Each structure stands twice: as C-alpha cells, then as structure tokens.
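[1] next comes the sequence, and after it the predicted model I'd like to discuss.
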Amino acid sequence: MLINDKCEAIIEALPYFRKFAGKTIVIKYGGSALGESAKSLCDDLVLMQTMGISAVLVHGGGAEISGMMQRLGKTSRFIEGLRVTDEETAEITEMVLVGKINTGLVAEINLAGGRAVGLSGRDGNLVRARRAKPMDVNGEMIDLGLVGVPEKIDARIIGDLLKSGYIPVVAPTGMAEDGSMLNINGDVAASYIAGALAAEKLIFLTDQKGILGDVSDPESVISIVSLKDIGKLKADGIVTGGMIPKIDAARLAIDSDVAGVHIIDGRVPHSLILELFTSSGVGTMITR
C-alpha cells in the first residue's frame, strides 16, 4: 500500500473512531472461523480498546467439543442444531469451552498487549438459565438434557471489568437453579449479553461472508438487511440452514435495543476492523 493510500485509510476510519468511542461492542467468535484468525482478532480487540471502545468477546467451540468427544469415544447428537447434553457431555463441554478455548483466547489477547479476563456464565451470576424444554421431533418428545436458555443476565461483572480496562472473554455457559452448568448456544448467549449491556453493536464472526443474495455466488453479499426483510429472505430460501439461528439471535438482540447486528467472515484477517472502520464494510448489517 502506498503512503497516500495508508493516509486515506486512516482518514476514512476517523469518523468511525469518533462514532464508537465510549460505546460497547459485543463480538461473537465461532463456527469454523474459530482458531483460524485468532491472532488478528485479538490484535483488533486491543486496537478497539486503545480507541476507547469497550469490547466484549463471546466465543463458541462446537467443533472442538465434538472433536474432544470423538477422541473420548463419545458420539455427538444434535436436535435442530442443539447438542443433546448428558452429564458426561456437559463435563466435556465445560472442559473445552472454559478450560481450553477461553483460556487460550485470554492468553492471545494478553500477548497482543491487552488485558483480558476469562468468564463463564457461572462467574458472578452472569448467566442464570433454565433447562430447555423437550423438543417434538416427528411426534417424539426428546429431552435435550443440560441445554440452557438464558433467563437473567447480570452484566455487572462485565461492566466492572470494562471500567477497569479489561477485555472480558465469555464462554457460553449458564448456571441452573441448582448451580449446575448448562450448555447455551453461543449466538443466543451473545445476544442476551449484548442486550443486557445496551451494546451499540453485536458482531458475529462466522465462516460465511454474510447473507448471500444467491447462495451459489459467494460474492453476492447483501450489505444491509432490516428486520422486516427477514421473513421474505427465509421464504425465498435465501436464509437457510445455520444462518437461521444467527438471524433469530440478531432479531433478539435488536429487540433488546442493540442498534445493529453484523454477520461477517471471521476467517478473513482483521475483518472486524474492516467492518467497523471502513465505509464499505465486509459483511451484512442487520438493522431495525
């Protein structure tokens, strides 16, 4: 990049630095993007903090959980995208999410020059949850086990960490009434946390470029979608499969007064910065 191009890039970013300074942005990092661009993501988070933006990272880890279960000789079972979680699976889930992925991301942020603190949903009563209701699958009611649905988010511990200059890194688990761990979908957890923090934005870093107007054309990214468009996009088969839960989580966040939700390709280095601080962006923004 030429010197003039570098200067223009910085000048283009300045209005966005001003716009987001003092605001809170929640980032959900998951899908097969997890691990591929962790270093650049952590650099981006530290840059955001340097610019006066409060960043909260919520991560997933489904693929790593499945991999660990396979190594331990246990088979994963999913019902409509939710992992059926017995007690042994719950132990493995917590071990991978909290003990491995969370601590790894915390270390990476600290190495990048930031100050990160890892949290699970049971820390500071952050995520109080109830067990999900049994699901009707072809007339058979199936109990999902230790799968949780958030009931109450107590975000004070996150707020205290942000005020003290830390970057909270949250594993998507919750605490049941009896204190046991419940496995919570990472997109859902991020949406509830963003709503509780009155975040300016929720950004999903995924393994997709965004919502595609033509599913066969990876370059047909729809830049902006409003909530009223979602029903038609589903009916037309544009929003399908794994994108549906993200869209539903986006609606939940916006209904909780999060200003905008972005779906971007987390595999692209520094995609977070490109989406936030350039006029063109790199993914899909969902607005009210």
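    Thanks, I have it. Numbering: from 1, shown residues only.
[2] shaky segments in the stretch 1-150 of the chain?
    Along the stretch 1-150 of the chain, the model assigns pLDDT under 70 to residues 1-6, 31-36.
[3] surely residue 100 meets residue 64?
    Yes: shown here, residue 100 and residue 64 form a contact pair, counting by Cβ atoms under 8 Å, at 7.0 Å. For glycine as for every other residue, the C-beta is placed from the backbone atoms N, C-alpha and C.
[4] would you double-check that residue 273 falls in a helix?
    Yes: remark: residue 273 belongs to a helix, assigned using DSSP: H, G, I helix; E, B strand; the rest coil.
[5] for the stretch 151-288 of the chain, which segments are assigned as strands?
    With DSSP state E, counting those that start in this stretch as the criterion, the stretch 151-288 of the chain has strands at 167-170, 173-175, 181-183, 201-206, 224-226, 260-265, 284-287.
[6] next, format the ones you listed as CSV and append distance to residue 155 and mean pLDDT.
    CSV is the format used below for the strands of the stretch 151-288 of the chain (distance: least, Cβ to Cβ, whole Å; pLDDT from 0 to 100):
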stretch, distance to residue 155, mean pLDDT
strand 167-170, 9, 98
strand 173-175, 13, 96
strand 181-183, 18, 95
strand 201-206, 14, 94
strand 224-226, 27, 89
strand 260-265, 18, 92
strand 284-287, 22, 90
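[7] which of these sits closest to residue 136?
    strand 181-183 (20.3 Å; Cβ to Cβ).
[8] show me what that closest one is packed against.
    Under the contact criterion of 3 or more Cβ pairs under 8 Å, 6 or more residues apart in numbering; DSSP states H and E, strand 181-183 touches helix 87-94, strand 127-131, strand 173-175.
[9] give me the distance from the second one to the chain's centre.
    What separates the centre of strand 127-131 from the centre of its chain is 18 Å, taken as Cα atoms, centre = their mean, to the nearest Å.
[10] good, wrapping up.
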